[in-house]
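1. Provide a 3D model corresponding to the input given below.
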Amino acid sequence: MAMFVAEHGGDLAQVQHFHKRIAGADSNVAIGLARLGFKVAWLSRVGNDSLGRFVLDTLRAEGLDCRFVRCDPIHPTGFQLKSREDGGDDPRVEYFRRGSAASHLAIGDVDPALLRARHLHATGIPPALSDSARELSGHLMHTQRSAGHSVSFDPNLRPALWPSEALMIREINRLAALAHWVLPGLAEGRLLTGRDDPADIAAFYLDQGAEAVVIKLGAHGAYYRTQLDAGFVDGVPVAQVVDTVGAGDGFAVGLISALLESRGILEAVQRANWIGSRAVQSRGDMEGMPLRHELPEHTPSLKTASAL
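-> Just a heads-up that it's a prediction; the model follows:
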């Protein structure tokens, strides 16, 4: 999507000036991985309009391969309005994407060349947009896992986009079962599994076929669990929270990048926490994503839990 961010606080109806940026959890992660030196292709649809061109120009400037993005001649590029909150509170967001080009994503949009990628990152947002986008998500995740490629999945729940909560829970858990690495937030995990404790939430997804489950705990860090190990990793303290949007996407960038580099799960979660902490200190969804040379040489201390 395109995004218009208020330049001052207050009711969006009264804001006169906005800054134009891009938004989208999937594209945030793609940008973060590209900044760390990974070759990243992005699959989506944009409208044949100025906002679509703006989105593509921005992503190409970040080094993303956008060859596989379809330009829709009929449906528009979605956008959102985002409030400015100077006290560290979550910003208010209004979406304008019903019937957008991205909601018309379908299996036919997949170029076979994409299937050669060694890793697929998916979120729960496209499946919420339409039946065809949901079918595409399941198809890609099943195909890539069956081919021996790694798959990560962030539920990124958007209840307002689903016809019912029951359908959302069933479909998101169905997709999560196709992933090697599952990355829910604590509140998401509780809603999706009906379990309260992070260890029990993680066990639910391990039983469904995940190899690692990492649960985001906000400022408290994260809990991870595999078939062999489990533990808590402390969060990284920040002097001031500027914008909370994009923190989970930064977390995903840290975890995925480290695991693709064959680093251990502990180091991966530590990097995830650090990049998430960077994200909340920058205004904008992806502006805080670091470059490779900015990654810290020393990671935060680990708070361990009993090994499994």
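
2. now D109: how far from V29?
-> From D109 over to V29 the distance is 19 Å, taken as Cβ to Cβ, to the nearest Å. Every C-beta, even on glycine, is put in place using the N, C-alpha and C of the backbone.

3. and L59, by the same measure?
-> 12 Å.

4. between those two, which is the more surrounded one?
-> More crowded of L59 and V29, by other Cβ atoms under 10 Å: V29, with 28 against 23.

5. wait, a strand at that one?
-> No. Under DSSP: H, G, I helix; E, B strand; the rest coil, V29 sits outside any strand and is assigned helix.

6. give the contact list for it.
-> Shown in contact with V29 (Cβ atoms under 8 Å, 6 or more residues apart in numbering): 121, 123, 154, 249, 252-253, 256.

7. restricted to helices, list those.
-> 249, 252-253, 256 (DSSP state H).

8. buried set for the strand or helix carrying H142?
-> Assigned by DSSP states H and E, H142 belongs to helix 131-146. For helix 131-146, a neighbour-count test (16 or more other Cβ atoms under 10 Å) marks 132-134, 136-138, 140-141, 143-145 as buried.

9. re earlier: and which of the ones in helices among the contacts of V29 is nearest to I275?
-> Using Cβ to Cβ, V253 comes nearest to I275 of the ones in helices among the contacts of V29, at 5.5 Å.

10. what's the nearest residue to that closest one if we skip its chain neighbours?
-> Residue nearest to V253 in three dimensions, not counting chain neighbours: G32, with 3.2 Å by Cβ to Cβ, 6 or more residues apart in numbering.

11. surely that neighbour is in a helix?
-> Yes. According to three-state DSSP, the state of G32 is that of a helix.

12. which SS state does M3 fall under?
-> Note that with three-state DSSP, the state of M3 is strand.

13. how many neighbours does it have?
-> Applying other Cβ under 10 Å, we find 23 other residues in the vicinity of M3.

14. can you put the ones in helices among the contacts of V29 in JSON lines and add distance to A2?
-> JSON lines is the format used below for the ones in helices among the contacts of V29 (distance: Cβ to Cβ, whole Å):
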{"residue": "D249", "distance to A2": "17"}
{"residue": "A252", "distance to A2": "22"}
{"residue": "V253", "distance to A2": "21"}
{"residue": "I256", "distance to A2": "25"}
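
15. most neighbours among those, which one is it?
-> Result: V253 is most packed of the ones in helices among the contacts of V29 (other Cβ under 10 Å), 31 neighbours.

16. does it touch S27 like I think?
-> No. With contact defined as Cβ atoms under 8 Å, V253 does not reach S27; the gap is 11.7 Å.

17. so what sits against both of those two?
-> Joint contacts of V253 and S27 (Cβ under 8 Å, 6+ apart) do not exist.

18. still on that earlier bit, wait, what's in contact with the residue nearest to V253?
-> 249-250, 252-253, 257, 275, 286, 289.

19. what's the most distant pair in these?
-> Between all members of the contacts of G32, the farthest pair (by Cβ to Cβ) comes out as S257 and M286, at 14.5 Å.

20. of those two, who's got more company?
-> More crowded of S257 and M286, by other Cβ under 10 Å: M286, with 26 against 23.

21. do you know how far the more buried one is from Y224?
-> 24 Å.

22. now swap in R283 and tell me
-> According to Cβ to Cβ, R283 stands 29 Å off from Y224.

23. looking at the two, which one has more neighbours?
-> Set side by side, R283 and Y224 show more neighbours around Y224, with 25 against 18, by other Cβ under 10 Å.

24. and the more buried one, what are its bridge partners?
-> V214, G231 (DSSP bridges).

25. ok, which stretches of the stretch 151-300 of the chain are strands?
-> 181-182, 212-216, 222-226, 230-233 (DSSP state E, counting those that start in this stretch).

26. and the first one, average pLDDT?
-> The one in question is strand 181-182. Across strand 181-182, pLDDT averages out at 98.

27. sounds good, over and out.
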